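[1] Okay, here's the prediction I keep looking at, along with the sequence it came from:
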Amino acid sequence: MAKRDSPRGFSDVESIDVFGSHVTVASPLADDVNAASFDDGPLGPAPTRLELETFDEIVNQSILSAQVGAGLELPWEQGIFRAIFSEEPLCSLPEIPIPAQAIPVNRSDGVLDESLAEQPSGKRQKCSQYIHGLYDRAISFSHGLSDHELDAAKWARVLEKLYAIFTCCPEAKPVGLDLHPADMAGNFKKIRELCGSRSCNTVLKRTNNLWKYCRWHQKFFYQKSPLPCTPSDIAEYIWESHQDGATYSALRSFTEAVNFGIHILGLPTRALGQPIIDSFTRGLLDKAAMSRPGRKQARPLTVKEVCHLETCLNDTSMNLFDRYAAGVFLFAIFGRCRWSDLKSVDSFELDIAIDNSTPCGFISFATFNHKTAAQVAKHGLPLPLVAPIWGLESPPWGLSWKAVAEEAEIDFSETYKGPVLPAPMKTGKWGMRSVTSSEATKWLNAILAKAGEVTDKVTSHSLKCTALSWLAKAGANGEHRLVLGHHSSRRGSLEVYARDCLAAPLRTLEEVLRQIRVGALQPDRTRSGMIQDAIKEDCRAPKPPEGGPSPHDNESGSPDNKSDSSSSSSASTSSSDSEEDNHDSRVCELGKDLSHKQSWGNGKMYQHTTSKVVHLESVAETRQFECGIHASSEHVAVQETAFLETRKCKRCQRAIGEL
């Protein structure tokens, strides 16, 4: 507190800081000070003693009534800035109420209160077999549209962009295409017909490249129209894109889009009589191709992974949807299918025959929706997707998949249409759309990861390349591999009149699968160890009945030898003569009854596993047939077989005098 002289005759004046505010207060006058001693000033007469006392009381009351916040506030202490810069929260968090008394869960006798017992949910129990599946981490449940609706939406985007390209300038419209602004529905229909049978994804990819070129041209040249295109404009765009760091794939995709627009859509061009891609651009593309990264290819599945899929198909403890998906993956492997081939099929066929009490045959679909559909649409022929029912293990996966499909409420019939693998829904039912390739990749990896397999570089395309890689490693015929891969061999008339080009290639595929089953072909090893000797029995080969003779034993149960063969042959001459009497009648009955089987006299027969041709043994020590050839690993000793008269080796028949 500082004292200074009073400006108007006060004896003492006190300067006080009250909570940050500077207040000047006159101190109480001493008793010996006479009020009359004040001189009259220019402001009026001097105050009396009573007035001074009253003023002192007012000052004291103002000091005592002063508040803390009455001082000067800084800008960050006022308004919204106070809430921003202060440590106080902008809004108070809700407080969790504390119950006054805890709810008793268990009674004194330890029995759960009936009012608090969890009631069973009928809907959850109904769908219990579908929950906790591996498909939960692969399927996107937000897509509720069908394949037809998704394609329609994609085509709508494509047609809108093409219409914008055709109307960007007066000369951009293809020749013969009349577009009327008042009839947009008719315009889109005409543009859709212009695209022909091309895939929506292909047209969308080409359209996006053309759209980027038109936008770049309008910004770069301002008043010049992007269409009709010229070689100089194309070269300028590719050069600018190359300078901006575009990859070789992007540059090559644009040149394909230009050719698509000119030759398919009919876009006008000023390059009459000369190529639209000049020499400078071709050289630039060739130079860019030298620095492109290596191709990333999906690896084929290993034999262990394929066997794991067959195990999952027969594992009743797994989710039903996952088991059915494992069967679809197996069909794609043995049917050499692209994943898009399974998006929509039109028919189903199960071709089963009984060979030596063992089922064999094929399971097949037909589809018009595949990658090369535009090339074969003119012939009106569907693409057959055929797979043998026998894989790498027993039982045959094809029959198991058929049973699992019936359990999953998918009815495979001759009139079956739709996706082979529909997308599941959260409700435990099949959806309207098919599983996409990315979802199939995640689902496949989830199933393989259950067995602890490393799934790097495994995609949905691994299903197609697996069997084809096995065929290549086994040295199969190149033409057979081309047909099995559903690739065009450019033999139109030859394939049309063949009626069944897959018959011989499928026999080749079955033989390769047999070699893998017996261990003679081990495709997962290096080149130096792929071909080995057979180390196990074929699970598909028929097993001899318990207690009965094996295929390598004679009728007495002892191993065959030359003396036993000659004695048994001489002892059964009379029975052979009696069989020749009713030979013709037995041959007629073979076509009526599949289970009817017969033997070739008393001689030892060998049947080829693929061609089913039956030979008659002449020399047991060297396993030589009557026709002169020797038995190989593909010949199996049989005691009886169906359709024997149609499967006998003609040269063996000539050697023994039957022909």
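    Arrived safely. Residues are numbered from 1 along each chain as shown.
[2] And stretch 394-412, end to end?
    Criterion Cα to Cα, to the nearest Å; first-to-last residue distance in stretch 394-412 is 22 Å.
[3] Ok, stretch 175-188 next?
    In stretch 175-188, first residue to last residue: 16 Å (Cα to Cα).
[4] One more: stretch 419-430?
    Stretch 419-430 has an end-to-end distance of 11 Å (criterion: Cα to Cα).
[5] And for stretch 211-230?
    Taking Cα to Cα, the first and last residues of stretch 211-230 lie 16 Å apart.
[6] what's it in contact with?
    Applying Cβ atoms under 8 Å, 6 or more residues apart in numbering, the contact partners of stretch 211-230 are 161, 164-165, 168-172, 233, 236-237, 240, 254, 257-258, 262, 267-271, 276. Where you see a C-beta, it was placed from the backbone N, CA and C, and this is true even at glycine.
[7] 6 Å instead, please
    By Cβ atoms under 6 Å, 6 or more residues apart in numbering, the residues outside stretch 211-230 that reach it are 161, 165, 168-169, 171-172, 237, 268-270.
[8] same question, stretch 406-418
    With Cβ under 6 Å, 6+ apart as the test, stretch 406-418 has contacts from 320, 324, 346-348, 405.
[9] Now for Leu159: which residues touch it?
    Applying Cβ under 6 Å, 6+ apart, we find Leu159 in contact with 188, 191.
[10] and it, that one's in a helix?
    Yes - under DSSP: H, G, I helix; E, B strand; the rest coil, Leu159 sits within a helix.
[11] Please tell me how far it sits from Met184.
    Distance of Leu159 to Met184, given as Cβ to Cβ, to the nearest Å: 10 Å.
[12] Phi first, then psi, for Asn369.
    phi -110, psi 90 (degrees, to the nearest 10).
[13] OK, contacts around it?
    By Cβ under 6 Å, 6+ apart, the contact set of Asn369 is 343-344.
[14] Could you measure from it over to Lys442?
    From Asn369 over to Lys442 the distance is 23 Å, taken as Cβ to Cβ.
[15] just to revisit the earlier point, show me the contacts of stretch 406-418 that map onto strands.
    347-348 (DSSP state E).
[16] could the contacts of stretch 406-418 go into CSV alongside distance to Ser488?
    As requested, these are exported to CSV (distance: Cβ to Cβ, whole Å):
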residue, distance to Ser488
Leu320, 38
Tyr324, 32
Asp346, 21
Ser347, 22
Phe348, 25
Ala405, 31
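[17] pLDDT averaged over stretch 607-622 - what is it?
    Computed over stretch 607-622, the mean pLDDT rounds to 85.
[18] Show me what counts as buried in it.
    607-609, 614-618, 620 (16 or more other Cβ atoms under 10 Å).
[19] quick check, nearest of the residues you listed to Arg525?
    Nearest to Arg525 among the buried residues of stretch 607-622: Thr609, at 23.8 Å, using Cβ to Cβ.
[20] burial count for the nearest residue to the closest one once chain neighbours are set aside?
    In space, and not counting its chain neighbours, Thr609 is closest to Glu634: 5.2 Å by Cβ to Cβ, 6 or more residues apart in numbering. Residues contacting Glu634 under the criterion other Cβ atoms under 10 Å number 14.
[21] What does Glu634 show for phi and psi?
    Glu634 adopts backbone torsions of phi -90, psi -10, taken as degrees, to the nearest 10.
[22] ok, which stretches of the stretch 451-600 of the chain are helices?
    Remark: helices assigned in the stretch 451-600 of the chain by DSSP state H, counting those that start in this stretch are 462-474, 478-484, 492-498, 503-518, 562-571, 573-581, 583-590.
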